[in-house]
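# model the following, please.
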Amino acid sequence: MPHAGFDSGGTRVLHGLGPQLTATPDILLHSLDPVHEAAYLVRLTSRHYLEASFLDDRVLGDDTPGLWARLDEIAEHTAALPERCDFIFHVGHVGSTLLSRLLGAAPGIHALREPTALPLLAQMHAQLSRPESLWSPERFEEVLGLCLKLWSRTYGKGQVPLVKATSWASELAPALLARPSKPRALMMTASPESWLAGVLSSQHGLGDVRASAAIAMARLHRRLGAEPWRLHTMSLGERAALVWTTEMLAMDTAARANPDQVLGIDFDIFLADPAQGLTKALKHLGQPADSTVVQAIVSSPLMSRYAKNLGQSFTAATRRQLQATSRANNAEEIRKGVAWIDAAASRFPAIARFLEPCYRDGVLAH
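Residues are numbered from 1 along each chain as shown. So this is what the prediction gives:
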C-alpha cells in the first residue's frame with residue numbers, strides 16, 4: 001500500500017511546502033522508501049537539531065509533523081541547491097556524539113546527528129552490483145545527491161553542515177569523500193584493546209555488537225574478497241573485534257583514497273586534551289579555532305554529560321573507570337578480540353595496513 005501523503009497515481013503533495021525546502025533546514029528529509037520512490041519529510045526547528053542525539057524515529061513526536069512525498073517531486077524543488085556537507089565517521093562508541101555536540105556549539109557549524117536515510121543509502125550502495133538492487137547506479141546517484149543537498153542547508157550564513165554518520169554507514173565513506181564537493185571528514189577511532197574494553201563494558205555496547213556482527217561480517221568478506229570466518233564459531237570478544245575491523249577498513253579505504261580530506265581522531269587522545277583535539281578538528285573543517293571559543297566549549301556542561309542523554313552525568317573519569325572494570329571482568333574476551341585482529345592482519349594486508357604503528361591509534365593518526 002502506498003504511504004499516506006501520496007497515491008500510486010503520482011499526486012503532488014508538497015503544495016506550498018516546496019519553496020520552504022530551499023530556505024532553511026526546518027524541513028528534514030527523515031527517511032527513504034526505495035520501493036515507493038518516496039521520502040518522509042518532517043518539520044523541525046533549530047532546537048530539535050541542537051538537542052537531538054539522533055535524527056531517527058526518536059525525533060518524531062507531536063511537535064514534528066510530517067508527510068511522505070515522491071522523490072522526483074522533491075528533486076524538482078531542490079535542483080538548484082548546492083551540495084556541501086562534511087562528515088564524522090566512526091567505529092561506534094568512541095565519542096562521536098560528544099564531538100558532534102562540541103563542534104555544533106561552534107558558530108560556523110550546523111550539526112546533524114545520524115539522519116535515518118544515511119545508513120539506508122549505505123545499504124543500497126552495497127547492493128548496486130547485485131541483480132536484486134532496486135536502484136541502478138544512476139538512480140542511486142540522483143537520490144544520494146538529493147539527500148546531500150537537503151542536508152547541506154543551514155540556519156546561518158556561512159555555516160557548514162556536519163553530518164555524523166551511523167557507525168556502519170562508514171561503508172559509504174569512500175563514495176562520499178570521492179564526490180565533487182570534496183567533503184572533509186573526521187574519523188573517530190580507538191585502539192583495539194581500548195575499544196574492546198569500552199564496548200564490552202555496557203549492555204548498550206554488547207547489544208550493538210550482537211545486532212551488527214552478522215552484517216559486519218558480510219561487509220568485511222565483501223571488501224576482502226574472501227570468506228574465511230564463520231560467525232557461529234566466534235566468541236563475543238571476537239565478534240566485537242570483527243565489528244571494529246569492519247568499520248576501520250571502510251574508513252581506511254576512504255582515507256587512503258582522499259588523505260587531504262581526512263583527520264583521524266583517537267578518542268582516548270582527544271579526552272586527554274579536548275581543547276587541542278577540538279582545535280584540530282575545527283581547523284580541519286576550515287573553521288575558526290579561537291582559543292577563547294574553544295575553551296568555552298570544552299568547559300561547558302557538554303563535557304560532563306552523556307552525549308546521547310544529556311540528563312545523565314558522564315565524564316572522562318567515568319569512561320576510564322568503566323574500562324578498568326571491563327578489563328578485569330572481560331580480560332579473556334578482550335584477549336581473544338585482540339588476538340583475532342592480529343591474526344586477521346597477518347592474513348590480509350588490507351587489515352595490516354591500519355595496524356601499522358602510525359595507524360594503530362586511529363586512521364591517519366600520524
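# burial measure for the residue nearest to residue 170 when sequence neighbours are not counted, as a count.
Among residues not flanking residue 170 along the chain, residue 250 sits closest, at 4.2 Å (CB to CB, 6 or more residues apart in numbering). From N, CA and C alone the C-beta is placed, and that goes for glycine too. Counted by other CB atoms under 10 Å, the residues lying close to residue 250 total 27.
# is it correct that residue 250 falls within a helix?
Yes - under DSSP: H, G, I helix; E, B strand; the rest coil, residue 250 sits within a helix.
# residues touching it, list them.
For residue 250, the contacting residues are 89, 170-171, 173-174, 219, 223, by CB atoms under 8 Å, 6 or more residues apart in numbering.
# output these in JSON lines; the columns should cover pLDDT, neighbour count and secondary structure.
JSON lines is the format used below for the contacts of residue 250 (pLDDT from 0 to 100; neighbours: other CB atoms under 10 Å; DSSP: H, G, I helix; E, B strand; the rest coil):
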{"residue": "89", "pLDDT": "98", "neighbour count": "29", "secondary structure": "strand"}
{"residue": "170", "pLDDT": "94", "neighbour count": "29", "secondary structure": "helix"}
{"residue": "171", "pLDDT": "94", "neighbour count": "28", "secondary structure": "helix"}
{"residue": "173", "pLDDT": "96", "neighbour count": "26", "secondary structure": "helix"}
{"residue": "174", "pLDDT": "95", "neighbour count": "18", "secondary structure": "helix"}
{"residue": "219", "pLDDT": "95", "neighbour count": "22", "secondary structure": "helix"}
{"residue": "223", "pLDDT": "95", "neighbour count": "16", "secondary structure": "helix"}
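# Serialize those to TSV and add fields for distance to residue 289.
Output for those, formatted as TSV (distance: CB to CB, whole Å):
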residue	distance to residue 289
89	21
170	26
171	31
173	24
174	28
219	35
223	35
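# out of these, which is nearest to residue 272?
residue 89 (21.6 Å; CB to CB).
# ok, that closest one - contacts?
Counting by CB under 8 Å, 6+ apart, residue 89 has contacts 165, 169-170, 173, 185-188, 250-251, 254.
# now flag whichever of those is closest to residue 38.
Using CB to CB, residue 169 comes nearest to residue 38 of these, at 20.6 Å.
# show me the contacts for the closest one.
Residues near residue 169 by CB under 8 Å, 6+ apart: 89, 118-119, 121-122.
# run a quick neighbour tally on the residue nearest to residue 348 when sequence neighbours are not counted.
Computed as CB to CB, 6+ apart, the closest residue to residue 348 that is not its neighbour in sequence is residue 224, at 5.6 Å. Residue 224 has 19 neighbours, counted by other CB under 10 Å.
# how about residue 224, what does it touch?
By CB under 8 Å, 6+ apart, the contact list for residue 224 reads 348, 350-351.
# try residue 25
Contact analysis of residue 25 by CB under 8 Å, 6+ apart lists 44, 46, 49, 110, 112, 150-151, 153-155, 161.
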